[in-house]
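> below are the sequence and a predicted model for it; my questions follow.
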Amino acid sequence: MNTFDLSVYLVTDRDLCLGRSLEDVVAEAVKGGCTMVQLREKHAATGEFVALARALVSRLEPLGVPLLINDRLDVALAAGAQGVHVGQSDMPAEDARRLIGPDRILGLSVETPEELAAAQSMPVDYLGIGPAYPTNTKKDVKGSPWGPDGLRRAVAQSRIPLVAIAGINQENAQEIATSGVDGVAVVSAICSAPSPREAAARLVRAVEAGKRTAG
């Protein structure tokens, strides 16, 4: 099992960075305590995607913060990223694991109780579970929002670490963390924050407080 910290997991979106450099936003978020970064680029050309991934790896690797690539295994391998995150309609997790090997981190999105149950036998290191709350960032979700109570049930049923995503911000991150999930994944709560560093730091404090409550 690969070791990593899901506590505050940034999923990038350049369109939400208020005109700022994505590299700078990520760097500030990590200074604030962000523990993992997923580079998500749905429209970038492959060469641009690889160059951006390499730039982030060079910044994050010395700090011990893993960079994962959304969906594109080829980009992850070319850039030397620490892992890949796939969705239900992307490459099957078994194939992704075979291609990236045992040492890279592999994450999988789940949206329904059925997907959560099916994932328990898959060769993945963590599950991104959502939507935690309603969100405008991701519009193609299949399941209803899990909420803290639904996430609590999911934690009890899962042998795989869970990171909750969608609709999470500084105001509700502590409540989500009380469910027992291993962390929260955010997009606009950091990318669109006036200060990504301070936003990440507040999220870290909220998650730590929620985890203490969860015991």
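Noted; the coordinates are in hand.
> any idea how many residues pack against Val163?
By other CB atoms under 10 Å, the residues close to Val163 number 25. Glycine gets a C-beta too; all of them are placed from N, C-alpha and C.
> which residue ranges of this protein form helices?
22-31, 46-60, 73-79, 93-100, 113-119, 147-157, 173-177, 188-191, 196-214 (DSSP state H).
> just those: most buried one?
Comparing these by mean neighbour count (mean count of other CB atoms under 10 Å), helix 188-191 ranks first with a mean of 25.
> give the rounded mean pLDDT of it.
For helix 188-191, the mean per-residue pLDDT is 98.
> that one packs against which elements?
helix 22-31, helix 196-214 (3 or more CB pairs under 8 Å, 6 or more residues apart in numbering; DSSP states H and E).
> ok, and what's touching it?
With contacts defined as CB atoms under 8 Å, 6 or more residues apart in numbering, helix 188-191 is touched by 10, 12-13, 16-18, 25, 29, 34, 137, 168-170, 173, 196, 199-200, 203.
> for Leu6, which of the helices of the chain is the nearest?
If you check each of the helices of the chain against Leu6 by CB to CB, helix 196-214 wins as the nearest, at 9.5 Å.
> that closest one vs helix 22-31, what angle?
In terms of direction (axes from the mean of the first three to the mean of the last three CA atoms, to 10 degrees), helix 196-214 departs from helix 22-31 by 40 degrees.
> so what touches helix 196-214?
7-8, 10, 25-26, 28-34, 170, 173-180, 183-184, 186, 189-190, 193.
> packing partners of the biggest strand by length in the chain?
The strand spanning the most residues in the chain, taking DSSP state E as the definition, is strand 105-110. Under the contact criterion of 3+ CB pairs under 8 Å, 6+ apart, strand 105-110 touches strand 83-86, helix 93-100, helix 113-119, strand 126-129.
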